[in-house]
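> Turn this into a model:
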Amino acid sequence: MADQYHLLGLGPAASVIIGIELAEPGHRVLVRGLYDLHLRRPFEMVFTRCREVHLEYLSDEPQPEHEVETPLIGIFLGEGGHRSPAIITTNTFELSILYEEF
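Coordinates of the predicted model:
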């Protein structure tokens, strides 16, 4: 798992996800985050030519209409070319993306 963070240029400090944007329904997914809660260094993950996008909320509580910071628990970038999905897990949701390019 630590290797996945290094691929993103992130280190051992905590990160939060602050937003998800879907463009061209399911074709492009942008995940925005902040690394190191004291420095609040922004980062983005862009997945293109997505075939499948699944967002599962991890609680039954109503979801807010606006963006909320949620701690990043884990990330697996999978493999492009639609071989295996990227999986992003937070306290609030789990996002799975089968993509062509990252």
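
> quick one, what contacts the closest residue to Glu52 other than its chain neighbours?
Computed as CB to CB, 6 or more residues apart in numbering, the closest residue to Glu52 that is not its neighbour in sequence is Leu98, at 4.1 Å. Backbone N, C-alpha and C define where each C-beta goes, glycine included. Applying CB atoms under 8 Å, 6 or more residues apart in numbering to Leu98 gives the contacts Cys50, Arg51, Glu52, Val53, Gly78, His82, Ser84, Pro85.

> So Tyr57 is in contact with Leu95, correct?
No - between Tyr57 and Leu95 there is no contact under CB atoms under 8 Å: 10.3 Å.

> who's more crowded, these two?
For the pair Tyr57 and Leu95, the greater number of neighbours falls to Leu95 (20 against 11), based on other CB atoms under 10 Å.

> That one and Glu79, how far apart?
16 Å (CB to CB, to the nearest Å).

> what does Val53 give?
16 Å.

> and these two? which has more neighbours close in?
More crowded of Val53 and Glu79, by other CB under 10 Å: Val53, with 19 against 13.
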